[in-house]
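Undergrad: Sequence first, predicted model second:
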Amino acid sequence: MRTPMRRVRGLGTARSGTIHFWHQRVTSVAGIPLTIGLLLIITALLGRSHAAVVQILGSPIVAIIMLLFIINTAYHMWIGMQEIILDYVHEEGWKLLSLMANTFFVFAVSLASVYAILKLSFGV
Amino acid sequence: MAELEAGTTTERQRVRPLSPHLQIYRPMLTMTMSIVHRITGAALYFGMLLLAWWLIAAAAGPNAYANVEWFMGSLIGQLVLFGYTWALLHHMLGGIRHLIWDTIHGFEPAERELLTLATLIGSIALTLILWVVGYLVMGGPR
């Protein structure tokens, strides 16, 4: 028998409830200053030589802003793409596969970016 | 709740009215911008590959970085970056609009139209300003 509690525990199509709704708001608020920071950094780097770009991207404040932007954006875009998938992909197999692909993509892209910034920061 | 109610079979099989889907509504600005918010979000998702490529190339060395610079400087690269700038700013301003709506403000017909129009005009204006500044920075002493 299915009871209302079963529905509550079912926690929606992603089985994770409404916490992502809230986390999407938190990451969107954090994303505002971080996006402005990213745009300022990129504008300041336009046309500079590789050596200058390496030096600036590896400097503490810039690197920290970049890292925060990437980590915050990774979570925000993971939730967002999951929401899109759940809206349009209804077949269970495809749904699981695309949800998995979403996670793989976000981890790969964001960890690669984080690695690059750390390498620039510590200059190995 | 339907599963809990011990209704008769006929009651369960009753055809219930369905909500009409998107195509039945007259297109409105708020609706269009809601769709655009999702499209720009999806575009930015894949656009993160560009940011990753740029950072990895910078970390990899001058040769890899020269490739990125060549692509970003090409006509296609510039178009992609211009679109990416607009998508980012539009998604950010649209997000701010949604955050305002989350506080249950700005829902009157005139208010929501104004907010929506402001995000569109704001994103286009900011993109143009940023690119003009960008070209001025590029042209300046380095």
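TA: Sure thing, it's come through. Numbering: from 1, shown residues only, chains lettered A, B, ... in the order given.
Undergrad: which bits of chain B sit near chain A?
TA: Proximity of chain B to chain A, by C-beta under 8 Å from any C-beta of the partner chain, involves residues B:1, B:3-4, B:38, B:41-42, B:44-45, B:48-49, B:51-52, B:55-56, B:58-59, B:61-62, B:65-66, B:85, B:88, B:92, B:95-96, B:98-99, B:102, B:130, B:133-134, B:137-138, B:142. C-betas here are computed from N, CA, C, even on glycine.
Undergrad: Now list the buried members of the residues you listed.
TA: B:38, B:41-42, B:44-45, B:48, B:51-52, B:55-56, B:58-59, B:65, B:85, B:88, B:92, B:95-96, B:98, B:130, B:134 (16 or more other C-beta atoms under 10 Å in any protein chain shown).
Undergrad: do you know how far the residue nearest to the spatial centre of chain B is from A:Met66?
TA: Residue closest to the average C-alpha location in chain B (C-alpha atoms, centre = their mean): B:Thr40, at 2.8 Å. For B:Thr40, the distance to A:Met66 (C-beta to C-beta, to the nearest Å) stands at 21 Å.
Undergrad: cool, A:Gly123 as well?
TA: Relative to A:Met66, and taking C-beta to C-beta, A:Gly123 is found at 15 Å.
Undergrad: Compare these two and say which one has the larger neighbour count.
TA: With neighbours defined as other C-beta atoms under 10 Å in any protein chain shown, A:Gly123 and A:Met66 compare such that A:Met66 has more, 25 against 9.
Undergrad: The host helix or strand of the more buried one: which residues count as buried?
TA: Element membership for A:Met66 (DSSP states H and E) is helix A:60-88. Neighbour counts using 16+ other C-beta under 10 Å place A:62-63, A:65-85 of helix A:60-88 among the buried residues.
Undergrad: restrict the residues you listed to those near chain B?
TA: Restricting the buried residues of helix A:60-88 to those within reach of chain B (C-beta under 8 Å from any C-beta) leaves A:66, A:70, A:73, A:77, A:80-81, A:84.
Undergrad: CSV for those, including pLDDT?
TA: Shown next, in CSV, are these (pLDDT from 0 to 100):
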residue, pLDDT
A:Met66, 98
A:Ile70, 98
A:Thr73, 98
A:Met77, 97
A:Gly80, 96
A:Met81, 97
A:Ile84, 95
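Undergrad: Please identify which two of those are farthest apart in space.
TA: A:Met66 and A:Ile84 (25.9 Å; C-beta to C-beta).
Undergrad: and the residue of chain A found nearest chain B, what element?
TA: Nearest residue of chain A to chain B (C-beta to the nearest C-beta) works out as A:Ala116 at 3.8 Å. Applying DSSP H and E as the criterion places A:Ala116 in helix A:92-122.
Undergrad: ok, for the most centrally placed residue in chain A, nearest residue in space, not its chain neighbours?
TA: Of all residues in chain A, the one closest to the mean position by C-alpha atoms, centre = their mean is A:Ala74, 0.9 Å from it. Spatial nearest neighbour of A:Ala74, excluding adjacent residues (C-beta to C-beta, 6 or more residues apart in numbering or on different chains): A:Ser110 at 3.7 Å.
Undergrad: hmm, back to that, so the residue nearest to the centre of chain B touches B:Thr85, yeah?
TA: No: contact between B:Thr40 and B:Thr85 fails when scored by C-beta atoms under 8 Å: they sit 11.2 Å apart.
Undergrad: Pull the contacting residues for B:Trp101.
TA: Contacts for B:Trp101 were tallied using C-beta atoms under 8 Å, 6 or more residues apart in numbering or on different chains; they are B:107, B:112, B:115.
Undergrad: Among these, which ones are in helices?
TA: Applying DSSP state H to the contacts of B:Trp101, the entries found in helices are B:112, B:115.
Undergrad: Just the closest of the contacts of B:Trp101 to A:Leu57, please.
TA: B:Leu115 (35.9 Å).
Undergrad: Can you give me every residue that contacts that closest one?
TA: For B:Leu115, the contact set (C-beta under 8 Å, 6+ apart) comprises B:97, B:100-101, B:106.
Undergrad: one more time with 10 Å
TA: Taking C-beta atoms under 10 Å, 6 or more residues apart in numbering or on different chains, we find B:Leu115 in contact with B:29-30, B:33, B:93-94, B:96-98, B:100-101, B:105-107.
Undergrad: Cheers, nothing more for now.
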